[in-house]
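# got a sequence here, can you model it:
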Amino acid sequence: MDELYELFPDGKKFRVIYDENLRQFKLLALKEHFLEEVIELFSDDNPAAFFMKQHGYNTSSRISVINHFGYFNIGLFFDVMKSIVMLFGKNSIAISKDVALVVREQLQPLYHEKIITSDDLSNPLEFSIDNISTELDMRDYQIDVIKSTLLLGRGRSLFECPTGSGKSFISANLLYTIFNRTDKKLRTLIYVPNRQLVDQFYKDLMNYGFDESMLSRFTGGLKTKEKNKPLTQIIISNKQYISRNMHKLPKIDIFLCDEVHSVSPDSSGFKFIENLNCPIKIGFSGTIPRKKYHKWSLIGLFGPIVHSEDIKTLQDQGFLADLEIVSVQCFDAHVDKNKELLFSLKSRHHYSEDGDIAFNAAWNDESKYITDNFRKLYTPIITYLESLSGNTLMLFDRIPFGEGLYDLMKSGDTGDTVWYIDGSTPINERERIREHLEKTTGNRLLAQSATFATGINIKNLPNIAFFFSGKAFSKIVQSIGRSLRLHKDKNHATLIDVSFNFKYSQRHLKERFKIYKRDYGKSNLSNIIKLNV
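Have a look, this model is predicted:
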């Protein structure tokens, strides 16, 4: 009883301790069901459960960011505390001095290092942000994002700003402001999803005003001179290279993660960030995940979401291009009348757990049919796209489909206006194509979504077409974001959403429409083009 009283004095139901080896907090509960209630509050549907069960694995249908022993990543501390107060009252938690010290050092590192002071926190309106650029003015929302990250997050936070809103400019001035408020040379790692974004971020920082002597790229494919250059105060690297070369990194003081939505739980990138001994961790994206487990996992790594900027608001304010959605709905009579096809809307076959139709058979058959019949299905669509003015980006998923479609389009091209990019395309070739599209018009670019849907900056892009069947929030919004950047010859963008009278194509269209309605204010698909294929 004495031991219990020491852990849970004065009627406390919980105690928080810090595990130095795991660098995680652990929640102890007076009674087991108290802990179970908190775990359940931070649980979500397990997205892998359905598929694993189809293959005979026994797995839980729920998954939580607090494990059964009570361990959780430190960024969730404030959310967990608020939830316990909500469930059990404000006097239900015992917090020791060592936990309070960890909170101060690792969850409020800018405050702990006196980069942010009590006076700053008391007078946020008077807190000034330093602009490194002599040519670009900071917009009000960009200043608000930086203030929120510094004053609310205090060095541990997430923020969400749509593609085209200037995340790299925000990041540059966030760093510039921190650097100007300390005499320490805080070494910074900027972590991006892919190799091409390393170069893009590097060029952006130089264009904004950072001296090249402060910047280095820690990545593959560099020339010998740069490869042998000592790592500088600001290092830009990509997750594939880091996963193989993290042992070569120096001590990092500030960690910035671009396109943080691409860091999925249990991935190598997640583990790297989790184990990185660096108190200042800031993540940002145009799309913070909506799935609770993924979102809570990122909060656990970085800290709270301190700012979220709305796409529609920035469009209304003239900072992003207006969006028109054209729904190209294609009708395939062969599929419509063939009830034996698993993906036909009139199919007589339906999946059931006790049936003889595999759970993913209809999806696989539909994907194969589209790849095998791309000429018939997409020739009318390509003809329609040729009528559009300006550059057009067409995003696809599967390489055999993309390669076949490229050969088809190239055979009918009279000039050098059809381009192709997939994961095997060299970085310098991707950049050459990107720069060509920036300077010219009338181009059609077929690009694999995995390599081009996130982060790539093409301002001169009025049209984007979805040649994939998908419904994932981040993928859809990130893809649309390729076309929302403003350009001197463009103030609106057109999304061509292609769908077929197939089972999954129609399901995914309905889910995409929910995103168009919620995030872009499109209450209905008024511009519909029907094609027979």
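
# residue ranges with poor pLDDT in this structure?
Within the chain, the stretches with pLDDT under 70 are 1-5, 49-58, 351-359, 413-415, 453-456.

# the domain parsing of it - what is it?
For the chain, automatic domain parsing gives the domain ranges 2-103, 115-309, 316-532.

# quick one: closest of the ones you listed to P109.
Each of the domains of the chain was scored for nearness to P109 using CB to CB, and the closest is domain 115-309 (3.6 Å). Any C-beta I mention is one placed from the backbone N, CA and C, and that applies to glycine too.

# please state the offset of the closest one from the chain centre?
Put simply, domain 115-309 sits 14 Å off its chain's centre (CA atoms, centre = their mean, to the nearest Å).

# first vs last residue of that domain, how far apart are they?
Length of domain 115-309, first residue to last, CA to CA, to the nearest Å: 26 Å.

# thinking again about what came up before, I'd like the domains of the chain as CSV, with distance to P109 appended.
As requested, the domains of the chain are exported to CSV (distance: least, CB to CB, whole Å):
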stretch, distance to P109
domain 2-103, 11
domain 115-309, 4
domain 316-532, 27
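
# mean neighbour count for those domains - can I get that in JSON lines?
Converted to JSON lines, the domains of the chain look like this (neighbours: other CB atoms under 10 Å):
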{"stretch": "domain 2-103", "mean neighbour count": "15"}
{"stretch": "domain 115-309", "mean neighbour count": "18"}
{"stretch": "domain 316-532", "mean neighbour count": "17"}
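
# contacting residues around whichever strand or helix holds D98?
D98 is part of helix 97-102 when elements are defined by DSSP states H and E. Here helix 97-102 makes contact (CB atoms under 8 Å, 6 or more residues apart in numbering) with V16, I17, Y18, F25, I74.

# rerun at 10 Å
15-18, 20, 23, 25-26, 74, 77, 96, 112, 279 (CB atoms under 10 Å, 6 or more residues apart in numbering).

# now the element after that helix, going C-ward?
helix 109-112.

# of the contacts of helix 97-102, closest to M214?
Nearest to M214 out of the contacts of helix 97-102 is P279 (CB to CB; 21.3 Å).

# the closest one and Y504, how far apart?
45 Å (CB to CB, to the nearest Å).

# cool, and L301?
Applying CB to CB, the value for L301 to Y504 is 33 Å.

# could you pull out the strands in the stretch 401-533 of the chain for me?
Counting by DSSP state E, counting those that start in this stretch, one finds strands in the stretch 401-533 of the chain at the ranges 418-421, 444-448, 463-466, 492-500, 527-532.

# and the longest helix for the protein?
Longest helix in the chain by number of residues, with DSSP state H as the criterion: helix 503-520.

# so that one versus strand 492-500, what angle?
Interaxial angle of helix 503-520 relative to strand 492-500 (axes from the mean of the first three to the mean of the last three CA atoms, to 10 degrees): 160 degrees.

# other SSEs contacting helix 503-520?
Counting by 3 or more CB pairs under 10 Å, 6 or more residues apart in numbering; DSSP states H and E, the packing neighbours recorded for helix 503-520 are helix 311-316, strand 322-331, helix 361-372, strand 463-466, helix 473-481, strand 492-500.

# got a markdown table for the ones you listed, with distance to F255 too?
Below are the helices and strands packed on helix 503-520 laid out as a markdown table (distance: least, CB to CB, whole Å):
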| stretch | distance to F255 |
| --- | --- |
| helix 311-316 | 27 |
| strand 322-331 | 33 |
| helix 361-372 | 38 |
| strand 463-466 | 32 |
| helix 473-481 | 21 |
| strand 492-500 | 33 |
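
# if I look at the closest residue to L186 other than its chain neighbours, how far off is N277?
Among residues not flanking L186 along the chain, D253 sits closest, at 4.0 Å (CB to CB, 6 or more residues apart in numbering). Look at D253 and N277: by CB to CB, they are 10 Å apart.

# F218 is nearest to which of the helices and strands packed on helix 503-520?
Closest among those, once you apply CB to CB, is helix 473-481, at 24.4 Å.

# got the angle for the closest one vs helix 503-520?
Put simply, helix 473-481 runs at 70 degrees to helix 503-520, going by the same axes, to 10 degrees.

# element containing the nearest residue to G70 once chain neighbours are set aside, please.
The shortest distance from G70 to any residue other than its chain neighbours is 3.8 Å, reached at L27 (CB to CB, 6+ apart). Assessed by DSSP H and E, L27 sits inside strand 24-29.

# coming back round to it: next up, the contacts around the residue nearest to G70.
Contact partners of L27, counting by CB under 10 Å, 6+ apart, are 14-17, 34-35, 38-39, 66-67, 69-72, 80-81, 84, 93.

# make it 7 Å
F14, V16, L35, V38, I66, G70, F72, V80 (CB atoms under 7 Å, 6 or more residues apart in numbering).
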